[in-house]
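Participant: Here is the input, now give the coordinates:
(chains A and B, ligands or ions: 2)
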Amino acid sequence: MDRLWWHFQQLLKIDAMNLVILVIVVLIGWTIISETIPNPARYLPSPLAVSLSSVDMLVKGLLPSYYSDTLVRLIIGSSIGLAAGIPFGLLLGLNKTVADMFHPMMNFFQSVSGIAIFPIVVIWWGNSDTTVLAVILYTSFFPIAFNVLSGVREIPIRYVNAARTMGASRYQIMKDVLFPGAMPHIATGSRLSIGFAWRAVIAGEMLAGRQGLGWMIFTGQDADRTAEVILGMVMIGLTWIILDHYLLRPIEADTIERWGLVQR
Amino acid sequence: MDDGGREVARARHCCNEIIITGAAMNSMTPKLVVEGLTHYYPDEYTGESVHALEDINLELYEGELVSVVGPSGCGKSTLLNILAGLLPYKIGTASVDGNVIHGPGPDRGVVFQEHAILPWRTVAKNIGHGLEIRRVPQAEREKRVQEFIDLVGLTGFEDKFPHELSGGMKQRCQVARTLCSDPVVMLMDEPFAAVDAQTRITLQEELNRIAMATHKTILFITHSVEEAAFLADRCLVFSARPGRLKEIVKIDIPREQRNWTNMNDNAIFISARDRILASVREEVSIAVEE
Ligand SMILES: Nc1ncnc2c1ncn2[C@@H]1O[C@H](COP(=O)(O)OP(=O)(O)OP(=O)(O)O)[C@@H](O)[C@H]1O
Ligand SMILES: [Mg+2]
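Facilitator: Ligands and ions are numbered 1, 2, ... in the order given. Modelled structure (predicted):
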C-alpha cells in the first residue's frame, strides 16, 4: 500500500513537471503567433487577452454560471447513462444466447455518434434542454453498455462455474464475478462514455441550448468575441484532464491494476 | 462403531436396497452414487454425437479418496462436470447423500485444473467465498477461513491477490476454498497438472495430510498413475472412449505411511502402481490405434 502511494506521488511529480513545461511552451508559442498576425483580437487573441476576458467574465458571474450549467448537465447525464448502462450490460451478459443476440445491435448503436443523432432528436423535442439531455444519455449509455457486455463475454467460464459450484445465485454471480470481472471494460467504457457525453454536452449547448460553455463559445463566435471562444475551449480541455486524472485514473489503480488484470 | 450395523448395511447394499434406518449405518451408506451413467455430446455442426461415457457405476464411501485414471479423452472431465452439476445428463443417475444431482450445489466442492480462484479477491476472501455466498456471519467466517489457510500452509498470504501467488499456492488456495465450504464430496480434476514436478510432489503429500486431517470424501482425477496410486484408497481405471469402468485397483496403505520417502519401497504401492500402469497402457494403445 505504501509502495503504491509512493508510485502515485512519483507519477504526480513527473506529470506536474511535464505539464508545467508544456504549458509554458504552448503559452510562449501562442503569444508569439498572436503578436505577429494582423488583427489578433479577431483571429487569435493572446493568452493575456484571454485571461483578461476570463477575469471580466468571472467578475460578471457569467463564467461560473455557464461552467456550472455545463458541469451539472455532464454529471447528471453521464451518471444516469452509466448507472443504466452497467447493469444493462451485465444483465445481457448473464445469458450467452441473449448476449450473442444483442451484441451486434449494441455495436450498431454505439457507433452512431451523438452528433449524428442530433437532428432526429431536435425533430422530436426541438431546441430544448430535453434534447440536450437525451443526446447526452444516448451517447453515454451505449459505449458503456456495449463495453460491459463485451467484458462479460470475455470472463473465463471457469470463474462463473466456480461460483456456481459454491451455490451462488444469479445475483451473487453478477455481483461477485461478472461485475469485478468486467471491470477493465467498465473502466474503458466509462472513460469513453464520459468523454462522449462531454462532447455531446458542448455540441448540444451550441446547437440547442441557451446556456453553458458550448453556448458561450457559440455566442462568442457570433459576437466576434474570440477571446471567449478560446476561453471556452481551454475550460473544456482542462476540465477533462482533471476529471480523468483525479477521478478515472485512481479508480483504475484501485481495482484492475491492484488485481493484476492489467500491467502497467 | 457398530460392526453389526455395518454388516447389515453392506448386505442390504448388495441386494441394491439401501435403506437408512439409523445413524449407526450412515458411515457405510455411500456418499456418492453413480448408476448407469452414459453421456453423449451432441455435435451441432456434423450432427454426429461424441459418445463420452458408457454405463458408469460407482460408489464413494465417507472418508474415501478414489482416483480416476484413463487415456486422454476417455471422459474423466465429463464425469466430473456431470457430478459437479455443470453438465446436464440424461441417461443414468448420480446422487450425493441420496439427493439426485440436478445442478451445482454446495454439497459438492470442485477443484479445477486451471485455477479458478477469483483475481479480484484476496486469498482470504476467496477461501471464504462459499461461506459468504451462504451468508455465514463474518466472525465465524473469518475463524474458519483462518483455520483452512493454516491447514494448507498459506499463513501470511491472507491479503495477497492471486496474481501475487505461485502456481502451487494458487492450487492450495483453491483446495482451501473448497474445504472451507465443507462439501460432502470434493471433486478434483487434475488439480496438480499445471505445477512443476517438485511442487507437485509436495502438494500430493499435503493432500494426503489434508485427507487424513479432514476425513473428506474425494474423487480425484489425474493423468499420473504414480499420483493416483500414491493418493487413492481405490483407483478406477477407465477404458478408452467411450469411457467405461475397466478395473478397480485397491491400495491398502494407511495414510500415515504415505509419503514419497517411503512409498517407492512399499510393495503394495509398487504392485498397485504397476497394475494400474499396465491397465492404462493397454487403453492408451487402443486410443492411439483408433
Ligand atoms: N463440450 C464438448 N462438446 C463436445 N465434445 C466434447 C466436449 N467436451 C468433451 N468432449 C469430448 O468428449 C470426450 C471426453 O472428453 P473429456 O474432456 O471428458 O476427456 P478427459 O478424459 O477429461 O481427457 P483429458 O485426460 O485429456 O482431460 C472427448 O473425446 C472430447 O473430445
Ligand atoms: Mg480432462
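
Participant: list the helices and strands the helix or strand where A:Pro104 lies packs on?
Facilitator: Element membership of A:Pro104, judged by DSSP states H and E, is helix A:96-111. Judged by 3 or more CB pairs under 8 Å, 6 or more residues apart in numbering or on different chains; DSSP states H and E, the packing partners of helix A:96-111 are helix A:62-94, helix A:129-154. Backbone N, C-alpha and C define where each C-beta goes, glycine included.

Participant: Just the pLDDT at the residue of chain A found nearest chain B, thanks.
Facilitator: When scored by CB to the nearest CB, chain A has A:Gly260 as its residue closest to chain B, at 2.9 Å. With respect to pLDDT, A:Gly260 has a value of 81.

Participant: just to revisit the earlier point, most tightly surrounded among the helices and strands packed on helix A:96-111?
Facilitator: helix A:129-154 (a mean of 24; mean count of other CB atoms under 10 Å in any protein chain shown).

Participant: next structured bit after the helix holding A:Pro104?
Facilitator: As assigned by DSSP H and E, the chain's next helix or strand after helix A:96-111 is helix A:114-125.

Participant: Please point out which parts of that following helix sit buried.
Facilitator: Of the residues in helix A:114-125, A:Gly114, A:Ile117, A:Phe118, A:Val121, A:Val122 count as buried by neighbour count, 16 or more other CB atoms under 10 Å in any protein chain shown.

Participant: Equivalent analysis for stretch B:124-140, please.
Facilitator: Neighbour-count burial for stretch B:124-140 [16+ other CB under 10 Å]: B:Ala124, B:Lys125, B:Asn126, B:Ile127, B:Gly128, B:His129, B:Gly130, B:Leu131, B:Glu132, B:Ile133, B:Val136.

Participant: Now do the fourth one against ligand 1, distance only.
Facilitator: B:Ile127 sits 26 Å away from ligand 1 when distances are taken as CB to the nearest ligand atom, to the nearest Å.

Participant: Where does B:Arg177 fall, secondary structure wise?
Facilitator: Assigned by DSSP H and E, B:Arg177 falls within helix B:167-180.

Participant: And the helix or strand following that helix, what does it pack against?
Facilitator: Next along the chain after helix B:167-180, taking DSSP H and E as the criterion, comes strand B:185-189. Packed against strand B:185-189 by the contact rule (3+ CB pairs under 8 Å, 6+ apart) you find helix B:76-84, strand B:108-111, strand B:217-221.

Participant: can the ones you listed go into JSON lines with extra columns for mean pLDDT, mean neighbour count and distance to A:Met101?
Facilitator: Converted to JSON lines, those look like this (pLDDT from 0 to 100; neighbours: other CB atoms under 10 Å in any protein chain shown; distance: least, CB to CB, whole Å):
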{"stretch": "helix B:76-84", "mean pLDDT": "93", "mean neighbour count": "23", "distance to A:Met101": "26"}
{"stretch": "strand B:108-111", "mean pLDDT": "92", "mean neighbour count": "27", "distance to A:Met101": "30"}
{"stretch": "strand B:217-221", "mean pLDDT": "94", "mean neighbour count": "25", "distance to A:Met101": "36"}
